[in-house]
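**Q** Model the structure of this input:
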Amino acid sequence: MRIVGEDLVSSRATAARCSGDPWHVDGRVTIRIRYNQVKLLLDAHVSGQAVGTALAARGHDIRALDSMVGFEGLGDPDVLAFAASEGRILVTANIKDLVRPALRLERADRSHAGLVLVPSSVGNEDFGILITGIHAVLGVTTQDERIDRVMWLESG
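**A** Numbering: from 1, shown residues only. Prediction:
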């Protein structure tokens, strides 16, 4: 297992869900969480420039449709198929158009690398929420544990 990033968490609720070695800082129990590197494809509405750059700095392998030449106007099933072909978890706010193709893959006994769904309450320009939320939802599990899973970004 390759550990590539670490965050400090002082929330008891978060610490209870995560593994790591606790220690005390300013009278609060703090835990260091280690995150595994994952491969992500950011859909066109999730900024590769801001969000992708920040996630790459945290050790994730990022591709972003908004910065890929020749991918403009790619249909939703094709976006999901492309992500699956590269073993990338797709991060998208286009929920209504991508959940159905994911379910069709499942029914056809084919896999996708995973989906992270961004709720409509998170705007495209909410870069901090997107970066933190995407990184957090990936948790401490491996890429393989995300296959065929649909996860919601937690916005707060």
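**Q** just to confirm, which helix or strand has the residue most central in space within the chain in it?
**A** Nearest to the geometric centre of the chain sits residue 134, at 4.1 Å (Cα atoms, centre = their mean). Counting by DSSP states H and E, the element that carries residue 134 is helix 127-138.
**Q** following that helix, which helix or strand comes up?
**A** Following helix 127-138 in sequence, per DSSP H and E, is strand 150-152.
**Q** What are the contacting residues of that following strand?
**A** Outside strand 150-152, the residues that touch it by Cβ atoms under 8 Å, 6 or more residues apart in numbering are 99, 102, 114, 115, 116, 117, 119, 137. To be clear about C-beta, it is placed using only N, CA and C from the backbone, and glycine gets the same treatment.
**Q** ok, now which ones touch the fourth one?
**A** By Cβ under 8 Å, 6+ apart, the contact set of residue 115 is 80, 89, 90, 91, 92, 98, 99, 102, 149, 150, 151.
**Q** From those residues, which land in strands?
**A** 89, 90, 91, 92, 150, 151 (DSSP state E).
**Q** Just the closest of those to residue 57, please.
**A** residue 91 (16.0 Å; Cβ to Cβ).
**Q** Any idea what the residue nearest to the closest one when sequence neighbours are not counted is bridged to?
**A** Excluding the flanking residues, the one nearest residue 91 by Cβ to Cβ, 6 or more residues apart in numbering is residue 116, at 4.5 Å. Per DSSP bridges, the residues bridged to residue 116 are residue 91, residue 151.
**Q** In contact with residue 116: list those residues for me.
**A** 40, 89, 90, 91, 92, 134, 137, 138, 151, 152, 153.
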